[in-house]
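Peer 1: Following is a predicted model, sequence given first.
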Amino acid sequence: MARLIYLADDDPALLEVFGTFLEQAGYEVQAFPTGDELVAKFELKEPDLVILDVMMPGTDGLTICKNLRAVSNVPIVILTAKDTEMDYLYGLGQGADDYLTKPFSPAMLVMRVRALLRRVDMGSASNTSDNSTLQYGDISLSERDHEAHVGQRGLTLTKTEFSLLECLLSAQGKAVSRDDLLKRVWGIDAAMETRVTDECVRRLRRKLKEAQSSVSIKAVWGYGYKLEKANA
C-alpha cells in the first residue's frame with residue numbers, strides 16, 4: 001500500500017507540482033490549501049508524513065507543526081520562502097524533522113521524503129527484530145519497545161530525537177561525526193544542511209537536562225557530538 005502524505009500550501013501551482021512528483025514516486029498524496037484543512041483531515045486519519053508551508057491563510061504552518069507534534073510523532077517537513085537563521089531554527093524547534101527553503105526542486109522534496117520514511121522503516125524493522133537495550137550512564141533505550149529512560153523516568157522523544165539518541169548511545173561515549181548522524185538519522189548526504197542536526201541535538205540536550213540525567217551531549221569541535229558522563 002502506498003504511503004499517505006498530507007501536503008498543505010496556499011499556492012495551487014506548487015500543490016499540483018509537488019503532488020505530481022510525489023505521486024510519480026509512488027506516494028498517495030492529499031493536498032490542502034490551508035493548514036487548518038490538513039489538521040481537520042489529520043484528526044480523522046493520521047498520514048505517514050506531513051508537508052507544511054509556513055505562510056498560509058488561517059493558522060500558520062509552524063503553529064500547526066507544534067500542535068501536531070504535541071499529539072503525534074509523524075514525520076513533518078516544513079516549507080518556507082524565508083531564509084534566515086532564526087526562521088530555520090524556530091521551525092526545527094517546533095518539532096519539524098526537516099526544512100526546505102523555497103525555491104527548491106520537486107526532486108529534492110521527494111528525496112527528503114524518501115529519507116525520512118526510510119528512517120521510519122528502519123526503526124520499525126529494528127523494533128520487530130531486535131530485542132537489544134542500549135545503556136550509557138543513567139540512560140537506557142529499548143529498540144524493540146521504542147522507549148528511552150533516564151533512570152526510571154521515561155523520555156518523550158520524537159522519532160528523530162530517538163534515532164539521534166540511539167546513534168549516540170551506540171557509540172558509548174565516542175564521538176560521532178555530523179556526517180554520520182546525517183546519514184544514519186536523516187538518511188541524507190552530508191553535503192546538505194547540517195543545522196538540522198544541531199537543532200535536534202539542542203532539543204535532546206534540553207530533554208536530558210529536564211530529566212536530570214547525569215549524561216550530557218558534548219560538541220566535538222569541527223567534528224560532531226558524543227555522550228559524556230558527569231563523573232567522566
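Peer 2: Noted; the coordinates are in hand. Numbering: from 1, shown residues only.
Peer 1: State the phi and psi torsions of I76.
Peer 2: For I76, the backbone dihedrals (degrees, to the nearest 10) come out as phi -130, psi 130.
Peer 1: Where in this structure is the helix or strand with the lowest mean pLDDT?
Peer 2: helix 85-93 (a mean of 60; mean pLDDT, DSSP states H and E).
Peer 1: Could you list the domains of this protein?
Peer 2: Domain ranges of the chain: 4-121, 131-229, per automatic domain parsing.
Peer 1: Please produce JSON lines containing these, extended by mean neighbour count.
Peer 2: Any C-beta I mention is one placed from the backbone N, CA and C, and that applies to glycine too. Converted to JSON lines, the domains of the chain look like this (neighbours: other Cβ atoms under 10 Å):
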{"stretch": "domain 4-121", "mean neighbour count": "18"}
{"stretch": "domain 131-229", "mean neighbour count": "17"}
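Peer 1: quick one: T156 and A8, what's the gap?
Peer 2: Applying Cβ to Cβ, to the nearest Å, the value for T156 to A8 is 25 Å.
Peer 1: got the contact list for the residue nearest in space to the middle of the chain?
Peer 2: Nearest to the mean C-alpha position of the chain, by Cα atoms, centre = their mean, lies D97 at 2.5 Å. Listed by Cβ atoms under 8 Å, 6 or more residues apart in numbering, the contact set of D97 reads P75, I76, V77, L116, T158, K159, T160, W186.
Peer 1: beta partners of the second one?
Peer 2: What that stands for is I76. Following DSSP bridges, I76 is listed with bridge partners V50.
Peer 1: Tell me which residues touch it, please.
Peer 2: For I76, the contacting residues are L49, V50, I51, L52, C65, L68, R69, G95, A96, D97, D98, by Cβ under 8 Å, 6+ apart.
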